[in-house]
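Engineer: sequence and predicted structure are below.
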Amino acid sequence: MSKFRKNMIIVLAASGATFLLYVIMQSLSTPNATRNPLTAFAVGEMKELVVLKTPPPQPIASFNGPDGPVSLADFQGKTVLLNLWASWCAPCVEELPSLDRLQGELGSDDFMVLAIDMDRSKAEAEEFLATTEIKNLALYHDNRFAIAQKLTVPGLTSGLPITVLYDAKGNERARLSGGADWNGADARALIAAVQSSSLP
C-alpha cells in the first residue's frame, strides 16, 4: 500500500470520528423542547406512559355528566386525569378502584379524575357501579365514543382503557393505554410534576 493511500485512510478515519463526535455532542445538547421531562416518569406502573411531541388538542365533544351535558372545556382550571372505561373491559374494571381512591384522596378544586363510561347505556354503568365499592367517581357517560375517536393518534393503541393527563390549561401532557395503578407512587409523582409550575 502506498504512503499516499495510507495517509488518505488516516484522514478519512479521522474525519469520520470527528463527524461521529459532532453528532453525539449535538444529541446531548438537544433543547428540552424535544426532550420532555415527563418521559422520566415512564417507569414502574407508568412504564407504558407516552409523552407526545405534538399532542392533539383537547377534544371538543359533549358527554353526559351527573347534571347534564358537559365537555372537557368545562374542567379547565384544574389538572384532569381523563379515563375512558367500560364495564365490559376487564383492564378497566381492574384499574377503576385505583382511580376511585386517587379521586378520594387528591380530588379538589385543583385536580380531578374524570372517568367517562363507554357502555351502551348509562343504566349498564349505574348497575355495574352499584355492585362495586366505587364511591368517589361521578358517573360520566359517552356511548357515542365521541371523545375516544378524537383521542386516537395514528400508531398508538386506541383500545380501552385509555387515560390522558391534562394540565390546568387543557393541554395534554401524557397518556397511557391499558390498565395501571393510578393511585400508586409512580402515578402520583407524574401528576405532581404536571401540577408543578416549573414544567415548560
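Structural biologist: Right, received. Where do you want to start?
Engineer: pLDDT weak spots in the chain?
Structural biologist: Along the chain, segments meeting pLDDT under 70 span 1-35, 197-200.
Engineer: pick out the residue nearest the middle of it.
Structural biologist: The centre of the chain sits closest to residue 175, judged by C-alpha atoms, centre = their mean, with a distance of 1.3 Å.
Engineer: in what helix or strand does that residue lie?
Structural biologist: Per DSSP states H and E: residue 175 is located in strand 172-177.
Engineer: ok, the residue nearest to the centre of the chain - contacts?
Structural biologist: When contacts are counted by C-beta atoms under 8 Å, 6 or more residues apart in numbering, residue 175 is found next to 49-50, 52, 55, 151, 156, 162-165. (Glycine included, C-beta is placed from N, CA and C.)
Engineer: and if you look at residue 38?
Structural biologist: Applying C-beta under 8 Å, 6+ apart, one finds that residue 38 lies in contact with 49, 51, 173-174, 190, 193-194, 199.
Engineer: try residue 150
Structural biologist: Residues near residue 150 by C-beta under 8 Å, 6+ apart: 56, 59-61.
Engineer: mind checking what helix or strand follows the helix or strand harbouring it in sequence?
Structural biologist: If you go by DSSP H and E, residue 150 is part of helix 146-151. Going down the chain from helix 146-151, the next helix or strand is strand 162-166, by DSSP H and E.
Engineer: between strand 172-177 and that following strand, find me the angle.
Structural biologist: 170 degrees (axes from the mean of the first three to the mean of the last three C-alpha atoms, to 10 degrees).
Engineer: from the contact counts, what lies against strand 162-166?
Structural biologist: strand 79-85, helix 146-151, strand 172-177, helix 185-195 (3 or more C-beta pairs under 8 Å, 6 or more residues apart in numbering; DSSP states H and E).
Engineer: thanks again, I'm all set now.
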